[in-house]
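Enquirer: no sequence on hand, only this structure:
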């Protein structure tokens with residue numbers, strides 16, 4: 001099995017399990033994953049609690065679920081992850097600071113009572129990729 005290590009200077013190297021390091025204190029073991037991988041840290045997973053009165057119920061993240069086989073839960077988890085990824089692409093998170101910056105820029109050209117509609121327009125544009133460019137130095 002190949003293990004990957006990162007040096008203090010950012011260099012990543014792969015070494016076989018039986019390779020002896022000259023200076024292991026200068027390296028940190030890292031995990032290498034494909035660029036399109038979704039990595040979920042174990043610490044991000046909610047605690048799972050069995051219902052003491054019903055073996056067919058599990059609680060995770062504050063919600064109750066019907067207990068399935070491990071494979072059954074895996075299939076459902078993949079479906080939920082696919083839907084999350086789909087929704088994130090369809091409705092990307094919006095940086096509210098960017099919304100405010102664009103709304104402020106737009107509102108300079110209109111009366112104050114139009115500011116709310118500018119905020120909605122700004123949210124729409126930012127969700128589709130608008131970002132504020134730094135003004136050129138005069």
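Expert: Looks like it arrived, so ask away. Worth saying up front: this structure is predicted, and the values here are computed from it rather than measured. Residues are numbered from 1 along each chain as shown.

Enquirer: who touches the helix or strand residue 79 falls within?
Expert: For residue 79, the host element (DSSP states H and E) is helix 70-90. For helix 70-90, contacts defined as CB atoms under 8 Å, 6 or more residues apart in numbering pick out 38, 68. (Each C-beta comes from the backbone N, C-alpha and C, glycine too.)

Enquirer: buried residues, it. List them.
Expert: residue 73 (16 or more other CB atoms under 10 Å).

Enquirer: can you check stretch 87-106 too?
Expert: In terms of neighbour count (16+ other CB under 10 Å), stretch 87-106 has its buried residues at 98, 99, 101, 102, 103, 106.

Enquirer: helices of the chain, start to end?
Expert: In the chain, the helices defined using DSSP state H lie at 70-90, 96-107, 115-127.

Enquirer: centre of the chain to the first one, how far?
Expert: Between the centre of helix 70-90 and the centre of its chain there are 14 Å (CA atoms, centre = their mean, to the nearest Å).

Enquirer: I'd like the average pLDDT over it.
Expert: Helix 70-90 shows a mean pLDDT of 93 in the predicted model.

Enquirer: and the angle from it to helix 115-127?
Expert: Put simply, helix 70-90 runs at 120 degrees to helix 115-127, going by axes from the mean of the first three to the mean of the last three CA atoms, to 10 degrees.

Enquirer: same question, the shortest one
Expert: For helix 96-107 against helix 115-127, the angle between stretch directions is 130 degrees (the same axes, to 10 degrees).

Enquirer: now for helix 96-107, which elements pack on it?
Expert: helix 115-127 (3 or more CB pairs under 8 Å, 6 or more residues apart in numbering; DSSP states H and E).

Enquirer: shaky segments in this protein?
Expert: Counting by pLDDT under 70, the chain shows low-confidence ranges at 1, 16-24, 107-116, 133-138.

Enquirer: start and end of stretch 28-37, how far apart?
Expert: End-to-end distance for stretch 28-37: 21 Å, by CA to CA, to the nearest Å.

Enquirer: export the helices of the chain as TSV, with columns for distance to residue 13.
Expert: Below are the helices of the chain laid out as TSV (distance: least, CB to CB, whole Å):
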stretch	distance to residue 13
helix 70-90	32
helix 96-107	39
helix 115-127	41
